[in-house]
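Chemist: need the 3D shape of this:
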Amino acid sequence: MQASRRVIRFGSFELDVAARELRKAGLRIRVQDQPFALLELLVAHAGEVVTREEMRARLWPDGTFVDFERSLNTAVKKIRVALNDSAERPRYIETVPRHGYRFIAPIAGEPAAAPEALTPPLAPPSARHATTPLILAVAAAAALAIAAYIVLARGKGGQPEAGFSGGPVQPLTAYPGFERHPSLSPDGSQVVFSWNGLNEDNYDIYVKLVGPGEPFRLTTDPASDQYPAWSPDGGSIAFLRFPPETRGEGQAGIYVLPALGGAGERKLADLNVPLFDKQGGANLSWSPNGRWLALGGRFHSGEPFSIWLVSATQQTRRRLTTPPRVSVGDSCPVFSPDGKQLAFIRTLSPGVADVYVLGLTGDLLPDGEPVRVTLQNYPMASVAWMPDSRRLLVSSGFASGFLSRLHGIEINPLAAAPKWRMRDLPFGDQATALSLSSSGRLVYARHFSDSNLWRLNVGAAVMDTPPVRLIASTFNDETPDYSPDGKKIAFGSTRTGATEIFVARADGAEPRQVTFLGRPHTSNPRWSPDGQVILFDSRRSGAADLFLVSPETGSVEQLTDDPADELEPRWSRDGKWIYFGSNRTGRWEVYRIARKGGPFMQVTGSGGVAATETPDRKWLYYAKNVNSPTSIWRVPVGGGEETKVLDGLSYSINFVLTESGIYYLAGGDTPRQTSIRFFDFAKGKTRPVLALGRQWWYGMAISPDQRSLVYSVVDNAGSNLMLVDGVR
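Modeler: Numbering: from 1, shown residues only. Sure thing, here's the model as predicted:
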């Protein structure tokens with residue numbers, strides 16, 4: 001028998017056969033024995049189909065199983081959860097219909113060897129050796145194709161693209177508050193951006209030389225001026241102006257002013273624009289001929305946000321995209337330098353977005369349907385074209401609890417039809433908005449956020465006690481929940497990278513990680529009434545689903561596997577049901593499922609999410625939607641009329657129920673006007689509890705004795721502009 005390899009590396013994972021461990025970036029990912037054995041088997045025969053019969057003979061040789069198909073499917077599903085993989089777009093485990101499974105990721109290091117020979121073997125040695133000439137022939141053909149592509153590219157005056165690179169990252173600004181939405185001048189010597197100023201009280205448009213020196217303020221209007229875009233001739237700057245009361249989405253004016261400032265500011269049009277990601281990319285882009293401005297918005301309420309062209313000189317406009325009605329819509333358009341393509345971001349639901357590219361005719365009319373060029377189903381912040389008009393820079397991952405990264409996207413010239421591939425770049429951590437000049441100068445906004453959990457005593461005898469910081473890190477800590485005995489707190493945190501679930505003592509001490517899924521976002525933990533498991537939602541590169549984790553063993557059980565999103569779950573008081581929000585109908589509604597599984601049962605009919613039963617189990621209180629702000633509604637647990645309770649809830653999960661009322665985080669006209677308020681059931685009125693003076697974050701919990709209220713607020717946040725030269 002051939003000795004098995006001790007450590008097998010693939011992607012960012014290590015499979016330590018001797019230690020029986022799966023690790024990612026040095027962190028152990030818990031995998032149960034049967035899924036681990038199956039993963040070891042598949043990796044040992046990477047690239048080959050392992051049939052179901054071979055798996056049965058290897059892993060269940062004595063027939064000790066109740067339902068082989070179900071056991072195998074469960075084991076594969078657990079492997080995919082551990083690897084953040086999916087059956088629809090596999091990166092590691094590929095399903096071969098009616099046969100079995102195949103491990104498709106490249107293996108690093110020495111050749112793989114099976115722990116033992118399969119019975120029967122996967123293929124006779126002679127059969128495997130017989131494929132060698134075919135493999136060599138395919139490799140030779142691929143080499144010739146690559147060489148042909150290089151010759152063609154050079155014949156056209158271009159150079160083959162070997163990837164993305166750039167010089168060192170340097171800070172361009174370091175002012176207090178938020179500097180965002182940068183746009184470089186055509187020659188790359190200056191940058192225009194929006195900044196909320198030294199007092200962090202209002203956004204205006206500023207211009208700065210790329211280098212030393214202070215910025216020059218272009219606008220002074222009391223309204224909020226954002227999303228500036230420099231015209232191709234360098235003479236003008238377009239931007240969006242929002243009234244002070246704008247929240248969530250609002251009427252914005254498109255303005256143009258001289259790049260040197262002074263008189264001459266003029267308004268082009270009014271429309272509604274999305275504000276679901278204010279830190280994202282600029283929502284304005286000039287056409288290369290300087291005659292049109294592209295932006296994401298809508299001129300009629302009730303329809304999705306689309307990409308529109310608005311004339312810079314006449315009162316005319318035209319629609320370029322028509323997103324699905326169930327989507328949030330399209331935004332952040334960017335013209336390619338040659339004017340033949342338009343890249344933009346299509347957001348299906350909060351936290352679910354991808355980059356699309358629309359071909360354009362010479363008259364800037366759509367040339368076919370938009371093509372999806374990323375398959376992330378992940379928050380997208382900004383897009384920028386490389387000077388060759390064939391590659392893109394994309395910042396993805398920015399949203400609640402996500403850490404953003406910069407990626408490069410390029411066409412695969414060997415594909416029968418144009419295909420795109422994404423690769424991580426060595427610069428651009430926490431990048432949001434991007435701007436790239438024709439010379440390869442990149443300026444991007446780097447966002448940072450530090451939210452922490454605070455505790456407020458709300459018992460009658462201690463109401464005057466100031467809040468104390470309970471759980472803190474230099475990353476985002478959020479979505480707290482007390483265990484039924486009040487001795488522990490579960491919460492989500494980005495302190496290890498992507499958001500994972502942690503458990504600490506009730507005093508905040510001894511935090512420890514209990515999930516190791518490595519997914520884009522894992523949060524919203526909720527203890528079961530018996531304290532045995534924690535319910536949570538987790539998003540892969542696709543939909544969000546519901547899971548359970550044992551805080552003691554770390555074993556994870558997936559409850560839902562649906563193409564739609566299931567999130568913000570809550571237990572019924574008796575632990576028999578789970579309430580959650582889902583957008584499976586195209587609108588967020590409250591559903592419930594039995595703890596032991598079964599069909600989804602719709603609870604609300606006109607919108608709802610994050611539903612909680614009252615202690616007496618008579619009423620179900622829920623948020624209307626996942627927008628900010630939103631409202632709280634209620635419906636009888638057994639069904640009936642849905643009625644509004646209050647407005648002004650900062651976010652859907654930012655409220656908790658007590659026997660006498662509702663504590664909630666109320667949003668204000670500005671981020672720092674967040675406050676804790678209490679709605680009294682008996683009086684039907686709200687009263688202020690505490691003005692926070694900080695921006696709200698996600699989640700709120702009440703202790704079992706209803707004396708301690710835990711909530712999340714942002715203690716430190718901002719964004720600065722960063723500079724990278726020589727991007728190519």
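
Chemist: apart from its chain neighbours, what residue comes closest to Ile104?
Modeler: Among residues not flanking Ile104 along the chain, Glu94 sits closest, at 4.8 Å (Cβ to Cβ, 6 or more residues apart in numbering). (Glycine included, C-beta is placed from N, CA and C.)

Chemist: actually, Gly693.
Modeler: What sits nearest to Gly693 in space, not counting adjacent residues and going by Cβ to Cβ, 6+ apart, is Arg672, at 5.6 Å.

Chemist: the one you found should be in a helix, yeah?
Modeler: Yes: using DSSP: H, G, I helix; E, B strand; the rest coil, the assignment for Arg672 is a helix.

Chemist: show me the contacts for it.
Modeler: The neighbourhood of Arg672, defined by Cβ atoms under 8 Å, 6 or more residues apart in numbering, consists of 692-695.

Chemist: and the gap between Met618 and Gly508?
Modeler: Wrong residue type there; residue 618 is Lys, not Met. Spatial separation of Lys618 from Gly508 under the definition Cβ to Cβ, to the nearest Å is 34 Å.

Chemist: more neighbours, these two?
Modeler: Higher neighbour count among Lys618 and Gly508: Gly508, with 19 against 11, using other Cβ atoms under 10 Å.

Chemist: for that one, give its distance to Lys487.
Modeler: When distance is defined by Cβ to Cβ, Gly508 is 12 Å away from Lys487.

Chemist: same deal with Val394?
Modeler: 44 Å.

Chemist: out of those two, which sits in the more crowded spot?
Modeler: When Val394 and Lys487 are compared for neighbours, Val394 comes out ahead with 28 against 12, by other Cβ under 10 Å.

Chemist: assign the more buried one to helix, strand or coil.
Modeler: strand.

Chemist: sketch out the low-pLDDT regions of the stretch 501-650 of the chain for me.
Modeler: Low-confidence regions of the stretch 501-650 of the chain, defined by pLDDT under 70, span residues 541-542.

Chemist: helix or strand for the residue nearest to Val468 when sequence neighbours are not counted, which one?
Modeler: In this structure, Val468 finds its nearest non-sequential neighbour in Arg455, 5.6 Å apart by Cβ to Cβ, 6+ apart. Secondary structure assigned from DSSP states H and E places Arg455 in strand 442-457.

Chemist: export that strand as CSV, just CAs?
Modeler: What follows is strand 442-457, C-alpha atoms only, in CSV (Å, rounded to 0.1, in the frame of the first residue of the first chain):
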residue,chain,number,x,y,z
LEU,A,442,-5.7,54.0,-9.4
VAL,A,443,-7.4,55.9,-6.6
TYR,A,444,-9.8,54.0,-4.3
ALA,A,445,-11.7,54.7,-1.1
ARG,A,446,-10.6,52.4,1.7
HIS,A,447,-13.4,52.0,4.3
PHE,A,448,-12.9,50.9,7.9
SER,A,449,-15.5,50.1,10.5
ASP,A,450,-15.4,49.1,14.2
SER,A,451,-18.7,48.2,15.8
ASN,A,452,-18.9,46.8,19.3
LEU,A,453,-21.5,45.4,21.7
TRP,A,454,-22.7,47.6,24.5
ARG,A,455,-24.8,46.8,27.5
LEU,A,456,-27.4,49.1,29.1
ASN,A,457,-29.1,48.3,32.5
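
Chemist: helices or strands next to it in the packing?
Modeler: Using 3 or more Cβ pairs under 8 Å, 6 or more residues apart in numbering; DSSP states H and E as the contact criterion, the secondary-structure elements in contact with strand 442-457 are strand 179-184, strand 431-436, strand 468-471, strand 477-482, strand 708-724.

Chemist: flag every buried residue along stretch 668-680.
Modeler: Under the neighbour-count criterion of 16 or more other Cβ atoms under 10 Å, stretch 668-680 has 668, 671, 674-679 buried.

Chemist: alpha carbons only: can I get that stretch in CSV?
Modeler: Extracted as CSV, the C-alpha positions of stretch 668-680 are listed here (Å, rounded to 0.1, in the frame of the first residue of the first chain):
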residue,chain,number,x,y,z
GLY,A,668,-32.4,59.7,13.1
ASP,A,669,-32.0,62.2,10.3
THR,A,670,-28.2,61.7,10.6
PRO,A,671,-26.3,58.6,11.6
ARG,A,672,-25.3,60.0,15.0
GLN,A,673,-28.9,60.7,16.0
THR,A,674,-29.5,57.0,16.7
SER,A,675,-31.3,56.4,20.0
ILE,A,676,-32.8,53.6,22.0
ARG,A,677,-36.6,53.9,22.5
PHE,A,678,-39.3,51.9,24.3
PHE,A,679,-42.8,51.2,23.0
ASP,A,680,-45.2,50.6,25.9
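
Chemist: ok, back up a step: the strand holding Arg455: partners in the sheet, and parallel or antiparallel?
Modeler: Sheet pairing here is set by DSSP bridges, and for strand 442-457 it gives strand 431-436 (antiparallel), strand 468-471 (antiparallel), strand 708-724 (antiparallel).

Chemist: tell me the most buried of those?
Modeler: For those, the largest average neighbour count (mean count of other Cβ atoms under 10 Å) is found in strand 431-436, namely a mean of 27.

Chemist: contacting residues around whichever strand or helix holds Leu646?
Modeler: Following DSSP H and E, one finds Leu646 within strand 643-649. Contacting residues not belonging to strand 643-649 are listed as 621, 623-624, 629-635, 655, 662, 664-667, 677, 679, 686 [Cβ under 8 Å, 6+ apart].

Chemist: domains of the protein?
Modeler: 7-130, 132-160, 161-448+719-724 (automatic domain parsing).

Chemist: mean pLDDT lowest for which of those?
Modeler: Among these, domain 132-160 carries the lowest mean pLDDT, at a mean of 35.

Chemist: is it correct that Leu218 is in contact with Tyr255?
Modeler: No: in terms of Cβ atoms under 8 Å, Leu218 does not count as a neighbour of Tyr255; the distance is 10.7 Å.

Chemist: quick one: the strands in the stretch 351-500 of the chain?
Modeler: With DSSP state E, counting those that start in this stretch, the ranges of strands along the stretch 351-500 of the chain come out as 352-359, 371-372, 380-385, 391-396, 405-412, 419-424, 431-436, 442-457, 468-471, 477-482, 488-493, 500-505.

Chemist: the shortest one: partners in the sheet, and parallel or antiparallel?
Modeler: Applying DSSP bridges to the sheet, strand 371-372 is found paired with strand 352-359 (antiparallel).

Chemist: that older thread, who wins for proximity to Leu198 among the strands paired with strand 442-457?
Modeler: strand 708-724 (12.5 Å; Cβ to Cβ).

Chemist: quick one: the most centrally placed residue in the chain and Leu358, what's the gap?
Modeler: Relative to the mean C-alpha position of the chain, the nearest C-alpha, by Cα atoms, centre = their mean, is the one of Pro379, at 3.4 Å. Counting by Cβ to Cβ, the separation of Pro379 from Leu358 is 21 Å.

Chemist: one more: Thr604?
Modeler: As judged by Cβ to Cβ, Thr604 and Leu358 stand 36 Å apart.

Chemist: check Arg677 too.
Modeler: As for Arg677, its distance to Leu358 is 45 Å (criterion: Cβ to Cβ).

Chemist: do the same with Ser528
Modeler: Between Ser528 and Leu358 the distance is 47 Å, computed by Cβ to Cβ.

Chemist: of those two, who's got more company?
Modeler: Neighbour count, other Cβ under 10 Å: between Ser528 and Leu358, Leu358 has more, with 20 against 16.

Chemist: surely the more buried one meets Leu365?
Modeler: No: with contacts defined as Cβ under 8 Å, Leu358 does not count as touching Leu365, sitting 10.2 Å away.

Chemist: related to what we said a few turns ago, which ones among the contacts of Arg672 are found in strands?
Modeler: Secondary-structure check on the contacts of Arg672 using DSSP state E: residues within strands are Gln695.

Chemist: same list (the contacts of Arg672) but as TSV, adding neighbour count, distance to Asp270 and pLDDT.
Modeler: Formatted as TSV, the entries for the contacts of Arg672 read as follows, by neighbours: other Cβ atoms under 10 Å; distance: Cβ to Cβ, whole Å; pLDDT from 0 to 100:
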residue	neighbour count	distance to Asp270	pLDDT
Leu692	21	34	92
Gly693	10	34	88
Arg694	19	33	89
Gln695	19	28	89
